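1. Task: produce atomic coordinates for the following.
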Amino acid sequence: MFAYETMAAFEALAGLPMFHGFHCALILALISALCFAQTSANQPTSPQPATSSTPSTSLSGSLGEAIALYRKGDFDGALGRYQALLQERPKSPDAYAGIMRVYLKQKKVDQAAKTAEQALALIDAPRIHVAYGEVLFRQGKIDEADGEWVRVANTGYPEARAYLGLARVYRAIAMYKSAERMIKKAHELDPEDPEIEERWIGTLTRAERMKYLEAALAGENNWDAERREDTASYLEYLKERAKRKTHPCRLVSKVSATEAPLVRLLSDPIHLRGYGLTVSLNGHKSSLMLDTGASGIVVRRGIAEKAGISKLVETKIGGIGDKGRKSAYVGIADSIRVGNLEFENCPVEVMESRSVVEEDGLIGTDVFDDFLVDIDFPNEKLKLSELPKRPGEAESKPALKEEDDDSDDEETAESSDESKAPDTKNTSAPRPEPHDRYIAPEMQSYTRVLRFGHQLLVPTKIGDVPTKLFILDTGAVSNSISPAAAREVTKVHGDSNMTVKGISGTMDKVYSANKAVLQFGHLRQENQDMIGFDTTAISDNVGTEVSGFLGFTMLRFLDIKIDYRDALVDFSYDPKRWH
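-> Numbers count the residues shown, from 1 in each chain. From the prediction side, this is the model:
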């Protein structure tokens, strides 16, 4: 299914695993295509020690007022103050950078880009280039954004948000150790910047993170109401998990690889809508749609009740459509079995409805991100195997990746006295050391993708225009494209016969795009028609421009291997299999 997360700001910015996602289904039947483009980040030289020149909220006048208003979420007020500052000083880098950031917060990307163009015509200042990089990143121009930030970092200019930007790039390309180094540098330079602080908390233990979230919810910040609600739910989840005496989600079976048949899911007696996976929740078997666009395990209430999964915390799920978010809750499954693998004490999200977009539930392939995930559609099999060991890497036990937030407490949980309540204050064991991407010799031919939380964004060429980013989504029935991206290469017109339906209802406006050639990986396909709909909400949640989806009607012909750890995907097509 199409999927993105209500808490993408925490998952993507802070690197925190969230337990709920946006899930939606595309009701249509088109065939579509494939392409390759690789994105990589330049490596800045080691930053030189420098004192911060970041504006402080203690500054008087328009600048200090603007920063204070921005940091507490009054974006209209901040915009007015920045514009007043620009009247006072027409070439103020702080004013232009602030206006760009306000527009990005207000989700007015075009206005932010126009402001950047105006500023760059007048001023060649590091602060302008850093803010411009933020605009480029939101536009999906990751390489260009990276270049802006690297150049500023290499000058030694103490611009904290240059390092914040580099941390965002490094996380997207699975350079986690480098990302942590960058965010720590950013925090040293400006610990009061809210966006820097959000990412920095991803370097903390769970206990430290809980304290931060409690303080953030009690005070002022620039989160909107929906995000505050989601953060409160996530904090409650962390607290509930800390109270439990059981160990966190982990593999308990002795095998480290398995193979399981894919289950055909039919829209009618002859039409295949997708493939599912037989998943046993507390001994109760269900066929859940295998979905690269979803996160974690999501089931309808009836399935959860049969499996005896009780409510831990309430949450909400939303997605494409106009009816708002739906009620849901998070519970803990004592046992989850997939093939020969068994996991214990893992979270499951439950929708308070009769179905999950007309399915019993979804299982996102990201739950297997400790494994090499091989979705062999032609032979209708899912294979999970060990990832290549990094040089010098110690043995580690795989787990269902749904709650890294508990990983720093495993030693405490296992050694706790059964006769006592858990001591939630003693949960600050060292976090696992982050690693940078490792591309094993046998994976040199894999496509380097971008990872934003659970989403895998595949660099995709559409005709001769610059590379776009498409979400790999086996749960979407067909390929789709945003009207903005489609208009760069072909004609787009409204289509009342097409319906895009999601958890939050149907989309008001659906389009049909004429012939387009898509390329990704080592593949190329010509599309006679593609469905189109506005992906702005998805892009806002992911944090960068999403131009479309690579869906099931095309992906079903491929053997897809996914290395989530290193953000690598291999697309294999055997024409003999289909002729």
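
2. so where do the helices sit in the stretch 201-350 of the chain?
-> In the stretch 201-350 of the chain, the segments counted as helices under DSSP state H, counting those that start in this stretch are 206-218, 225-243, 301-307.

3. just for the stretch 201-350 of the chain, where's the confidence low?
-> 245, 318-325 (pLDDT under 70).

4. how about 50 then?
-> Of all residues in the stretch 201-350 of the chain, none has pLDDT under 50.

5. most tightly surrounded among the helices of the stretch 201-350 of the chain?
-> Scoring the helices of the stretch 201-350 of the chain by mean neighbour count under mean count of other Cβ atoms under 10 Å gives helix 301-307 as the most buried, with a mean of 19. C-beta coordinates here come from the backbone N, C-alpha and C atoms, glycine included.

6. Name the residues that touch that one?
-> 281-284, 286, 299, 331, 333, 348, 350-354, 360-361 (Cβ atoms under 8 Å, 6 or more residues apart in numbering).

7. That helix: how far from the chain's middle?
-> 28 Å (Cα atoms, centre = their mean, to the nearest Å).

8. Buried subset of the contacts of helix 301-307, written for PyMOL?
-> Buried residues among the contacts of helix 301-307 (16 or more other Cβ atoms under 10 Å), as a PyMOL selection:
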select buried, resi 281+282+284+286+299+331+333+348+350+351+360+361
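
9. what's the neighbour count on the nearest residue to residue 442 once chain neighbours are set aside?
-> Spatially, and ignoring its direct neighbours in sequence, residue 442 is nearest to residue 388 (7.0 Å; Cβ to Cβ, 6 or more residues apart in numbering). As a burial measure, residue 388 scores 17 neighbours (other Cβ atoms under 10 Å).

10. ok, back up a step: dump the helices of the stretch 201-350 of the chain to CSV, plus distance to residue 529.
-> Formatted as CSV, the helices of the stretch 201-350 of the chain follow (distance: least, Cβ to Cβ, whole Å):
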stretch, distance to residue 529
helix 206-218, 46
helix 225-243, 35
helix 301-307, 36
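
11. and of those, who's closest to residue 144?
-> Closest approach to residue 144 among the helices of the stretch 201-350 of the chain is made by helix 225-243 (27.9 Å; Cβ to Cβ).

12. tell me what that closest one is packed against?
-> Applying 3 or more Cβ pairs under 8 Å, 6 or more residues apart in numbering; DSSP states H and E, we find helix 225-243 packed against helix 206-218, strand 311-317.

13. Redo these as JSON lines? Include distance to residue 268.
-> Conversion of the helices and strands packed on helix 225-243 to JSON lines gives the following (distance: least, Cβ to Cβ, whole Å):
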{"stretch": "helix 206-218", "distance to residue 268": "47"}
{"stretch": "strand 311-317", "distance to residue 268": "27"}
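
14. re earlier: list the ones among the contacts of helix 301-307 that fall in strands.
-> 281, 284, 286, 299, 331, 333, 348, 350, 351, 361 (DSSP state E).

15. Contact partners for the fifth one?
-> If you count contacts by Cβ under 8 Å, 6+ apart, residue 331 has them with 304, 309, 310, 311, 312, 347, 348, 350.

16. so what's the last one bridging to?
-> Okay, so that is residue 350. On the basis of DSSP bridges, residue 350 is bridged to residue 299, residue 329.

17. Can you tell me how far it is from residue 305?
-> 9 Å (Cβ to Cβ, to the nearest Å).

18. what's residue 466 in contact with, if anything?
-> Counted by Cβ under 8 Å, 6+ apart, residue 466 has contacts residue 141.

19. SS state for it?
-> coil (DSSP: H, G, I helix; E, B strand; the rest coil).

20. and it, what pLDDT?
-> On pLDDT, residue 466 comes in at 91.

21. With the one 4 residues further on instead?
-> Predicted confidence (pLDDT) for residue 470: 96.

22. so who does the closest residue to residue 327 other than its chain neighbours touch?
-> Spatial nearest neighbour of residue 327, excluding adjacent residues (Cβ to Cβ, 6+ apart): residue 352 at 4.3 Å. Listed by Cβ under 8 Å, 6+ apart, the contact set of residue 352 reads 301, 326, 327, 328, 329.

23. Run a quick neighbour tally on residue 121.
-> Around residue 121 there are 8 other residues, counting by other Cβ under 10 Å.

24. Confirm that it lies within a strand, as I assumed.
-> No - using three-state DSSP, the secondary structure at residue 121 is helix, not a strand.

25. so what are the domain limits for this structure?
-> 26-37+445-578, 61-189 (automatic domain parsing).

26. Please report how far residue 569 lies from residue 482.
-> Taken as Cβ to Cβ, the span from residue 569 to residue 482 is 21 Å.

27. circling back to that earlier point, looking at neighbours, which among the contacts of residue 352 is most surrounded?
-> Counting by other Cβ under 10 Å, top hit in the contacts of residue 352: residue 328 with 24 neighbours.

28. which residues does that one contact?
-> Counted by Cβ under 8 Å, 6+ apart, residue 328 has contacts 20, 298, 314, 315, 316, 317, 349, 350, 351, 352.
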